[in-house]
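Peer 1: this one's sequence-less:
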Ligand SMILES: [Zn+2]
């Protein structure tokens, strides 16, 4: 039976056939359930017992899962449970953003074991950040013997084949252009480990899919509307990430929402991300609090999006005006997304998602006023409830995805096995 879930799996499996799809089904169930017997796995995945036995044997051999005592089934029969090895192979996720970078070490169950997050100075190049990232990653590889791959998420427009970022724009700041990552994030620089680079919005899609707590089922056309330091979109159409001819599609942040607006570094005028990225949101908050000495926004030296949303919820007028402005522009972007892609769902993600239902209601209202009623009524507009940085987890998911497609990368040798 072709279910929405099965379609979803096609998203990370362009060519490698049934085995990969079925491995992922089994790993995802173990990730969510913690432990399961082979019989339970067969029931949950729709696979035959024989197929489950074959795949689990393969996953045990690659050090991915292990047997973990006995579980009592519904009929009182005790069977061997399986679980993901907590000491199994690991991946490193790197998130490169405009003003900061993060490096995280993850196991396959989505546990983040280590994290380093550092600021990048406004308007500075990335050279120092690249050097620090390299040093952190090499430190993890030295400490953990079973790192299988490294995933990197980068802002765009990003040309995936050339591994080149065309432009990183930031309103009021000198843009960075034509950053060739093919040498910087290369296997040679990272201890020979495979390194896979992905556009950040597409990495976010994979995070939702791999680590999404709600078991959200993707069906039809789903848009991951990334609202972080930049604005972008990851679009999944019929189970496949839509990348465009060069991998630089769905740059919704560079859609014009004011044709007479200031010129963006991309060449367009009044680009969406100049109005509703988290950086634009904070810039607006700093400006408004200067004009409102009694605003609670003045209680903090440095503001975060969360603080502004909190103040707005508590009735602070300056903060409420910031949220209304951001919601208006996020709504305009959403209207463009719906008119272009006719999605079944759009998920507001990343930093601005801390606005939760409060923000969502305002964005929905903008969409309701500007969309054809039929289109508005048939699209699910949601806000992500992902705990943690979905783009950093997405970078890890990019690495996991690679490993499952390339089982040779899972050459994990543990000390105790060497001693035996
Ligand atoms: Zn632009």
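Peer 2: Nice, I can see it. For clarity, every value in this text was computed on a predicted model and none was experimentally measured. Numbers count the residues shown, from 1 in each chain.
Peer 1: now the helices for the stretch 101-250 of the chain?
Peer 2: Using DSSP state H, counting those that start in this stretch, the helices assigned to the stretch 101-250 of the chain run over residues 127-143, 200-211.
Peer 1: Which of those sits closest to residue 236?
Peer 2: helix 200-211 (6.0 Å; C-beta to C-beta). Where you see a C-beta, it was placed from the backbone N, CA and C, and this is true even at glycine.
Peer 1: Can you list the buried residues in the closest one?
Peer 2: Using 16 or more other C-beta atoms under 10 Å as the test for burial, helix 200-211 gives 200, 201, 202, 203, 204, 205, 206, 207, 208, 209, 210, 211.
Peer 1: do the same with stretch 173-185
Peer 2: 176, 179, 181, 184, 185.
Peer 1: from those residues, which single one is nearest the ion?
Peer 2: residue 176 (13.6 Å; C-beta to the ion).
Peer 1: I'd guessed the closest one sits against residue 129; true?
Peer 2: No. Assessed by C-beta atoms under 8 Å, residue 176 is found out of contact with residue 129, at 11.3 Å.
Peer 1: what sits against the most centrally placed residue in the chain?
Peer 2: Centroid check for the chain by C-alpha atoms, centre = their mean gives residue 204 as the closest residue, at 1.9 Å. Contacts for residue 204 (C-beta atoms under 8 Å, 6 or more residues apart in numbering) come out as 153, 224, 226, 234, 349, 350, 390, 391, 394.
Peer 1: same thing but 7 Å
Peer 2: Counting by C-beta atoms under 7 Å, 6 or more residues apart in numbering, residue 204 makes contact with 224, 226, 234, 349, 350, 390, 391, 394.
Peer 1: Just those residues: which are in strands?
Peer 2: Residues of the contacts of residue 204 located in strands (DSSP state E): 224, 226, 234, 349.
Peer 1: So for the last one, what's the nearest residue that isn't a sequence neighbour?
Peer 2: Nearest residue to residue 349, sequence neighbours excluded (C-beta to C-beta, 6 or more residues apart in numbering): residue 384, at 4.4 Å.
Peer 1: What's the separation between the one you found and residue 303?
Peer 2: Distance of residue 384 to residue 303, given as C-beta to C-beta, to the nearest Å: 21 Å.
Peer 1: between these two, which one's more packed in?
Peer 2: When residue 384 and residue 303 are compared for neighbours, residue 384 comes out ahead with 24 against 20, by other C-beta atoms under 10 Å.
Peer 1: is it true that that one touches residue 347?
Peer 2: Yes. Look at residue 384 against residue 347 with C-beta atoms under 7 Å: they come within range, at 5.3 Å.
Peer 1: Pull up the overlap in contacts between those two.
Peer 2: By C-beta under 7 Å, 6+ apart, no residue touches both residue 384 and residue 347.
Peer 1: what's the residue nearest to residue 349 in contact with, if anything?
Peer 2: Going by C-beta under 7 Å, 6+ apart, residue 384 touches 347, 348, 349, 353, 390.
Peer 1: one more time with 10 Å, if that's ok
Peer 2: 204, 207-208, 212, 214, 216, 224-227, 347-350, 352-354, 356, 390 (C-beta atoms under 10 Å, 6 or more residues apart in numbering).
Peer 1: how close does it get to the ion?
Peer 2: For residue 384, the distance to the ion equals 24 Å [C-beta to the ion, to the nearest Å].
Peer 1: same check, this time on residue 83
Peer 2: Relative to the ion, and taking C-beta to the ion, residue 83 is found at 47 Å.
Peer 1: Quick one, which of the contacts of residue 384 are buried?
Peer 2: 204, 207-208, 212, 216, 224-227, 347-350, 352-354, 390.
Peer 1: Which residues of this structure lie near the ion?
Peer 2: Residues of the chain found near the ion (C-beta under 5 Å from the ion) are 254, 264, 266, 268, 271.
Peer 1: which among these end up buried?
Peer 2: Buried by 16+ other C-beta under 10 Å: 254, 264, 266, 268, 271, out of the residues of the chain next to the ion.
Peer 1: JSON lines please, covering those residues and showing secondary structure and pLDDT.
Peer 2: Converted to JSON lines, those look like this (DSSP: H, G, I helix; E, B strand; the rest coil; pLDDT from 0 to 100):
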{"residue": "254", "secondary structure": "helix", "pLDDT": "95"}
{"residue": "264", "secondary structure": "coil", "pLDDT": "92"}
{"residue": "266", "secondary structure": "coil", "pLDDT": "91"}
{"residue": "268", "secondary structure": "coil", "pLDDT": "95"}
{"residue": "271", "secondary structure": "strand", "pLDDT": "96"}
